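Peer 1: Mind folding the following:
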Amino acid sequence: MELEYVVEALNTYFNAPGCEPDSSFAGNMRATYAPFPGLLQRYATAQFLTKYNGLMLRNGAEITKVYTVVFLSQEVLDKILSYGHKDTLVVTHHPLEMETSHRGFLPMPESYFKALKAKATSVYSLHDPLDVHSIISTSRALASALGVTSQRPFAHMPPGFVGIYGCIELSPLPNFLQQVRVVTRVPELHYIVKQSNIEKVGIVAGEVDASAMQEAESLGCDTYLTGTYYNRINNPLGEQQRISFKKAMRQAHMNLIECSHYASESIVMKRDLFDYLAKGIGLAAEFVEQSNPWY
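Peer 2: Numbering: from 1, shown residues only. Predicted coordinates for the structure are as follows:
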């Protein structure tokens, strides 16, 4: 299948070119690659360097295989390159590697840009458009996998919403925690208990936002599930978010659960996006796992 056809289908469905420059990566990409002047510009498409979504690397004309990933990390790229396939497309949620436990965003060494080019492996990044899409989104996928009903969006981020809240069958908190473990395949959950039973859940995949937590509680949620509520990255933004979270936590009456940034956003990449690629475009996909969800 022609790369241009696949890119046009993704662009149309998720409106990647029509969105404003990505709120997270417009600045983070430039900052991350600042120590390597011109590296990104030598390989990335002009459109990506404007929007920071859409086709990032154009390395071929045909697509015979699609891989989906959460972070464009060296670990997952090593796996993809070791498979030996050519004429492939990597669809990633984040165009950067992210060490959520310490260093934050990390650049891709030039050797990987060259290796991907040699394998005719292109890369398509889908961050904000996937977080806020009204049908296929990171939070909606996690909510649906957990059986959340009466789903409604919250936490507005133009041009849509990043959060989903809704109902589950009244159950003790430990039962819901076990359900989260099974769905995300993460045995090590972190949580703060405020209530013993739950029946209304607010979900924001990825990272917590103090204002989104407050909004979820105002909507009557007794539990808030996210990827990372306590930012462990060692930089000024991480410290600022830790301070904001501690303040919001003291005021909250909800249970707070984190299952890792990676795991909270992996569901959409290996379920809902798979369905779209197969039914909407006609391409089968393979999800490439990250070994440590808390990396």
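
Peer 1: So which bits of the helix or strand of the chain with the lowest mean pLDDT are buried?
Peer 2: When the helices and strands of the chain are scored by mean pLDDT, DSSP states H and E, helix 236-251 comes last with a mean of 87. Neighbour-count burial for helix 236-251, with 16 or more other CB atoms under 10 Å as criterion, is recorded at 238, 241, 244-245, 248-249. All C-beta spots, glycine's among them, are computed from the backbone N, C-alpha and C.

Peer 1: could those residues be laid out in CSV, adding distance to Arg232?
Peer 2: Output for the buried residues of helix 236-251, formatted as CSV (distance: CB to CB, whole Å):
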residue, distance to Arg232
Gly238, 7
Gln241, 10
Ser244, 14
Phe245, 11
Ala248, 17
Met249, 15
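
Peer 1: before we move on, back to that, show me the contact partners of the least confident helix or strand of the chain.
Peer 2: The contact list for helix 236-251, computed with CB atoms under 8 Å, 6 or more residues apart in numbering, reads 104, 192, 207-208, 210, 213-214, 229-232, 256.

Peer 1: what do you get for stretch 152-166?
Peer 2: Outside stretch 152-166, the residues that reach it (CB under 8 Å, 6+ apart) are 15, 19-20, 23, 128, 131-134, 137-140, 142-143, 148-151, 200-206, 209, 211-212, 215-216, 219, 221.

Peer 1: of all the buried residues of helix 236-251, which comes closest to Tyr43?
Peer 2: Distance to Tyr43, by CB to CB, is smallest for Gly238 among the buried residues of helix 236-251, at 28.5 Å.

Peer 1: do you know how far that closest one is from Glu97?
Peer 2: For Gly238, the distance to Glu97 equals 16 Å [CB to CB, to the nearest Å].

Peer 1: Then Gln151?
Peer 2: Taking CB to CB, one finds Gln151 at 31 Å from Glu97.

Peer 1: Compare those two and say which is more crowded by neighbours.
Peer 2: Between Gln151 and Glu97, counted using other CB atoms under 10 Å, the more crowded position is Glu97 (22 against 14).

Peer 1: OK, contacts around the more buried one?
Peer 2: Shown in contact with Glu97 (CB under 8 Å, 6+ apart): 71-74, 105-108.

Peer 1: change it to 7 Å
Peer 2: By CB atoms under 7 Å, 6 or more residues apart in numbering, the contact list for Glu97 reads 71-74, 106, 108.
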